[in-house]
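[1] Structure, please.
(one chain, ligands or ions: 1)
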Amino acid sequence: MAREFTSVGVVGLGTMGAGIVEVFARSGVDVVAVEITDTALERGRATLSGSTDRAVAKGRLAAADRDALLGRVTFAVGLDALHAVDLVIEAVPERLDLKRRLFADLDRICKPEAVLATNTSSLSVTEIAVATGRPDQVIGIHFFNPAPVMKLVEVVRTVVTADDVVADVEALCARLGKVGVTIGDRAGFVANALLFGYLNHAVAMVEARYATREDIDVAMKLGCGLPMGPLALMDLIGLDTSYEVLDTMYRRGGRDRRHAPAPLLRQMVTAGLLGRKSGRGFYTYE
Ligand code: CAA
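    Residues are numbered from 1 along each chain as shown. Just a heads-up that it's a prediction; the model follows:
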């Protein structure tokens, strides 16, 4: 019988995790939202309230629906709160050792039939899956930023993911109002494999003073009809995440020069210029 996934856990409430909580709760799913510290938990709670308050102010969500949405979310510090959920999706930083440790813990804590999912952008879902005793129930569910807005979800199946898990997750994506594409476990999947060479090239252009950041962004917006230019997009994704994605794709994808992170990107991350989340990246934010 198909799984319903009526309760879902989300681990890590950064930009992506908080957005994923909103997506599930908006679709009537009960969510247990987990962080490792009170401070991080409060930051996640504030992101969710800010986003849903904005939706109410813009007339996209009724105040009563926002209250019902928030009422479906339970916030907790620590993984123990996830013992009864049907599905866990993690959105912690893009480090394989961290994710493997987390999945080993989830495997111990979650009920045996629970599906464990990763929102990784570029790491190997297979390597994460084999950190558990249930690799057939591990899958990639990759959302795009901002998760409440972007329609695509990449459903990543490994060579051992069970067919029924894939089918149930595909059905879940449709319930969330998303369009799912199901693909194999390859660095960057489809969208990032195509996108990040382009983003990296834009950074290299800035670095070489080939064109200004504004002109690069305007060229791609107005010349190619994209919703935002590459540098503004990297600020949205986060320069730290962008660096991690490129570095992982470079190392996993046969050291293709297109994915060797531009030195400027690393310097900006080291200097704490992370994009919108830190208030400054290629541009400055209020
Ligand atoms: N959370 C919730 N809603 C948001 C939001 C957020 N963070 N940001 C924007 N929105 C909503 C707005 O409220 C607005 O909704 P209404 O029209 O109903 O009022 C709508 O989205 C459009 O927003 P804006 O009018 O403010 O601005 P916009 O028209 O420029 O759209 C955008 C903003 C949706 C971000 C758009 O610029 C866009 O699509 N940019 C490209 C984003 C993209 O490529 N994302 C993929 C990144 S790659 C990735 O995520 C993969 C990875 O693994 C790293």
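
[2] what about the helices in the stretch 151-286 of the chain?
    All helices of the stretch 151-286 of the chain, identified by DSSP state H, counting those that start in this stretch, fall at 163-175, 191-207, 213-224, 230-237, 239-252, 263-270.

[3] what mean pLDDT does the second one have?
    If you average the pLDDT over helix 191-207, you get 97.

[4] go on, the third one?
    For helix 213-224, mean pLDDT is 98.

[5] tell me which strands and helices that helix is in contact with?
    For helix 213-224, the packing partners by 3 or more Cβ pairs under 8 Å, 6 or more residues apart in numbering; DSSP states H and E come out as helix 191-207, helix 230-237. (C-beta placed from N, C-alpha, C; glycine too.)

[6] Output the helices of the stretch 151-286 of the chain in CSV, with distance to Arg72 and mean neighbour count appended to each entry.
    As requested, the helices of the stretch 151-286 of the chain are exported to CSV (distance: least, Cβ to Cβ, whole Å; neighbours: other Cβ atoms under 10 Å):
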stretch, distance to Arg72, mean neighbour count
helix 163-175, 14, 17
helix 191-207, 29, 18
helix 213-224, 37, 15
helix 230-237, 26, 23
helix 239-252, 27, 22
helix 263-270, 35, 16
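
[7] Include distance to Tyr285 when you put those into TSV, please.
    Compiled in TSV, the helices of the stretch 151-286 of the chain are given as follows (distance: least, Cβ to Cβ, whole Å):
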stretch	distance to Tyr285
helix 163-175	31
helix 191-207	18
helix 213-224	14
helix 230-237	8
helix 239-252	13
helix 263-270	14
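
[8] Next, format the ones you listed as a markdown table and append distance to the ligand.
    Converted to a markdown table, those look like this (distance: least, Cβ to the nearest ligand atom, whole Å):
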| stretch | distance to the ligand |
| --- | --- |
| helix 163-175 | 16 |
| helix 191-207 | 5 |
| helix 213-224 | 9 |
| helix 230-237 | 5 |
| helix 239-252 | 6 |
| helix 263-270 | 14 |
